[in-house]
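*Asks:* This is the structure alone, sequence omitted:
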C-alpha cells in the first residue's frame with residue numbers, strides 16, 4: 001500500500017505544479033477598449049505654426065483585429081477636438097498579425113496630433129481666420145476625445161485626453 005501511495009502523490013504533485021504554470025489567454029471584449037494615459041502638453045499654438053501634442057493611451061481587443069494593411073487606407077483612430085466637437089484627425093493603426101490560438105491583444109498607442117485652428121470670433125461677432133487671430137488668443141488650452149475601430153467595425157469606448165504626463 002505504501003508503494004502505491006508515493007507514486008500517486010508524486011504524479012499528483014507534478015500535475016498540480018505543471019497546471020500552475022499554464023498560461024490562460026486574456027479574456028478581452030471583442031470590442032476594443034481604450035484607457036487614457038497622458039498628454040505631452042495641453043496648450044497649443046493655433047494655426048499652422050508646427051505645434052503638436054502627443055497623446056498616449058492603452059488598448060485591449062479580444063479578437064485581435066486592430067489596424068489595416070498599408071494598402072488599405074481605412075482610418076482606425078478618431079480624434080475630436082473639445083473646442084468645437086468636430087472630428088479633427090484620423091489615423092491608421094498598423095496591421096496587427098493574429099498571434100497563436102488566442103487572438104486577444106493589448107498594448108500602448110501614442111499619436112502625434114498637430115495644432116489646428118478653430119474660428120476665433122471677435123467681440124463684435126466677426127469670425128477671423130487663423131492667421132488673423134490676435135496674439136492674446138494665439139495659445140489655447142484644449143483636450144481631445146479619442147476612440148478606435150477594429151477591422152470588424154467594433155468601436156471602442158471614447159476617452160477624454162486631458163491630463164499631462
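*Replies:* Received, thanks. Everything quoted here is computed from the prediction, not taken from an experiment. Residues are numbered from 1 along each chain as shown.
*Asks:* show me where this structure has helices.
*Replies:* 2-20 (DSSP state H).
*Asks:* For the nearest residue to residue 80 once chain neighbours are set aside, give its distance to residue 127.
*Replies:* Distance criterion Cβ to Cβ, 6 or more residues apart in numbering; nearest residue to residue 80, sequence neighbours excluded, is residue 145 at 4.3 Å. Any C-beta I mention is one placed from the backbone N, CA and C, and that applies to glycine too. Distance, residue 145 to residue 127, using Cβ to Cβ, to the nearest Å: 24 Å.
*Asks:* The residue nearest to residue 80 against residue 158, yeah?
*Replies:* Yes: the pair residue 145 and residue 158 qualifies as a contact (Cβ atoms under 8 Å) at a distance of 5.3 Å.
*Asks:* Of those two, which one has the most company?
*Replies:* Taking other Cβ atoms under 10 Å, residue 145 and residue 158 do not tie; residue 145 has more neighbours (18 against 12).
*Asks:* Residue 145 bridge partners, please.
*Replies:* Taking DSSP bridges as the rule, residue 145 bridges to residue 80, residue 160.
*Asks:* need the contact list for it.
*Replies:* 79, 80, 82, 158, 159, 160, 161 (Cβ atoms under 8 Å, 6 or more residues apart in numbering).
*Asks:* Pretty sure residue 77 sits against residue 87.
*Replies:* No: using Cβ under 8 Å, residue 77 is not in contact with residue 87; the gap is 11.1 Å.
*Asks:* which of the two has more neighbours?
*Replies:* A count of neighbours by other Cβ under 10 Å puts residue 77 above the other of residue 77 and residue 87, at 22 against 11.
*Asks:* Tell me the one of the contacts of residue 145 nearest residue 132?
*Replies:* residue 82 (22.9 Å; Cβ to Cβ).
*Asks:* is it true that that closest one touches residue 146?
*Replies:* No: if you go by Cβ under 8 Å, residue 82 and residue 146 don't touch, sitting 11.1 Å apart.
*Asks:* of these two, who's got more company?
*Replies:* Between residue 82 and residue 146, counted using other Cβ under 10 Å, residue 146 has the larger neighbour count: 23 against 13.
*Asks:* Next, work out how far apart the more buried one and residue 69 are.
*Replies:* 23 Å.
*Asks:* Show me where the protein has its strands.
*Replies:* 33-39, 43-45, 52-61, 77-81, 87-91, 105-114, 120-121, 127-128, 139-141, 144-148, 159-161 (DSSP state E).
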